[in-house]
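S.K.: coords below, sequence missing:
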């Protein structure tokens, strides 16, 4: 075990080691992330009590497992109570485990990310836990309210300063979303290839209008959503970040004028065909669909925590419902790129073609 990182045992969880006050003097977050050693032998009673403690703690808890093979049944509930578990080898069926090539490197990376983005990382963990069992609309509201909170943090303000002032993107030279009817099918194409189909206001509004058409017309039995150009969608248009007039309006736009709720409502009728780079909203929105087909070489990323934020297009809701909140936490916290084969094994996509 790498002792340079804070490491505790399941017995330590039972003893309340993780339950000391989260905020130190000056409201500074104290020890936001603790590693939990899942290689130590524990009996079922200790494991159950540790799992109960883990679900109540304010800190992020990451399991560490160097022993090869599936997580033993005796500690499965404990692993499920943590935010994620990193292991040298992982069974795809163990949704709470992320397999990494070099465990010490991965642990150091995660620890560094949390230390550098403490507010967004802590809020990410809270949102994933809170929304796990909520209906989709309410879970999207939780995400958006948390996102609004983070817009006022030093982390996001620092990202804005590093980005620098940018003009709003120019109007689309063509229809930003193409909509065609083919018998009983509705074909929707994101059509701003010059901006890699960034999920800006024009693309979002065009997509929402198309989805509302499908909701209003029950003769549409199938919807196919794809994207023009080299990528399905590069996610939110960074030039538009921080440009809404106030936080409440931004919240209402994300939740009531966004596409996530509508895709979830249409899930049994919609297939999304993705390719190239699917970043942020470029996978958050598709993940609500009943079926996702990925072209070979498609790459998925959720980079918002490094911007001082969390996913804001429904990703803390849609992605965990496909791959589990534990792998979703890892993807969101680290911003790691997920390749097509792993996305298929985890269930983020349903087919590659």
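M.R.: Perfect, I can see it now. Predicted model, so just to flag it, every value in this text is computed and none were measured.

S.K.: So which residues of the stretch 1-150 of the chain form helices?
M.R.: Per DSSP state H, counting those that start in this stretch, the stretch 1-150 of the chain carries helices over the ranges 10-14, 44-56, 73-81, 103-116, 118-131, 136-150.

S.K.: any chance of those helices in TSV, with distance to residue 306 too?
M.R.: Bear in mind the C-beta positions are built from the backbone N, C-alpha and C, glycine included. TSV is the format used below for these (distance: least, Cβ to Cβ, whole Å):
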stretch	distance to residue 306
helix 10-14	29
helix 44-56	26
helix 73-81	26
helix 103-116	7
helix 118-131	8
helix 136-150	12
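
S.K.: Mind putting these into TSV with mean pLDDT and mean neighbour count?
M.R.: Below are the helices of the stretch 1-150 of the chain laid out as TSV (pLDDT from 0 to 100; neighbours: other Cβ atoms under 10 Å):
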stretch	mean pLDDT	mean neighbour count
helix 10-14	97	21
helix 44-56	95	18
helix 73-81	94	20
helix 103-116	94	17
helix 118-131	97	22
helix 136-150	96	20
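
S.K.: how far away is the nearest residue to residue 132 once chain neighbours are set aside from residue 153?
M.R.: Nearest residue to residue 132, sequence neighbours excluded (Cβ to Cβ, 6 or more residues apart in numbering): residue 325, at 5.6 Å. Separation of residue 325 from residue 153 (Cβ to Cβ, to the nearest Å): 22 Å.

S.K.: quick one: which of the two has more around it?
M.R.: residue 325 (24 against 17; other Cβ atoms under 10 Å).

S.K.: Okay, the more buried one and residue 316: tell me how far apart.
M.R.: For residue 325, the distance to residue 316 - Cβ to Cβ - is 8 Å.

S.K.: Overlap of the contact sets of those two?
M.R.: residue 128 (Cβ atoms under 8 Å, 6 or more residues apart in numbering).

S.K.: And residue 37, how far from residue 260?
M.R.: In terms of Cβ to Cβ, residue 37 sits 37 Å off from residue 260.

S.K.: ok, the two, which is more surrounded?
M.R.: Taking other Cβ under 10 Å, residue 37 and residue 260 do not tie; residue 260 has more neighbours (29 against 17).

S.K.: Might one say that that one is in contact with residue 314?
M.R.: Yes. In this structure, residue 260 is within contact of residue 314 by Cβ atoms under 8 Å, at 3.1 Å.

S.K.: Between those two, which contacts overlap?
M.R.: The contact sets of residue 260 and residue 314 overlap at 140, 284, 285, 288 (Cβ under 8 Å, 6+ apart).

S.K.: Out of those residues, grab the one that's most surrounded.
M.R.: Highest neighbour count within those, by other Cβ under 10 Å: residue 284, with 31 neighbours.

S.K.: got the contact list for that one?
M.R.: Contacts of residue 284 (Cβ under 8 Å, 6+ apart): 260, 302, 311, 313, 314, 315, 318, 319.

S.K.: Sitting in strands, which of the residues you listed do you find?
M.R.: If you go by DSSP state E, these have nothing in strands.

S.K.: Just the closest of these to residue 62, please.
M.R.: The closest of those to residue 62 turns out to be residue 302 (Cβ to Cβ; 17.3 Å).
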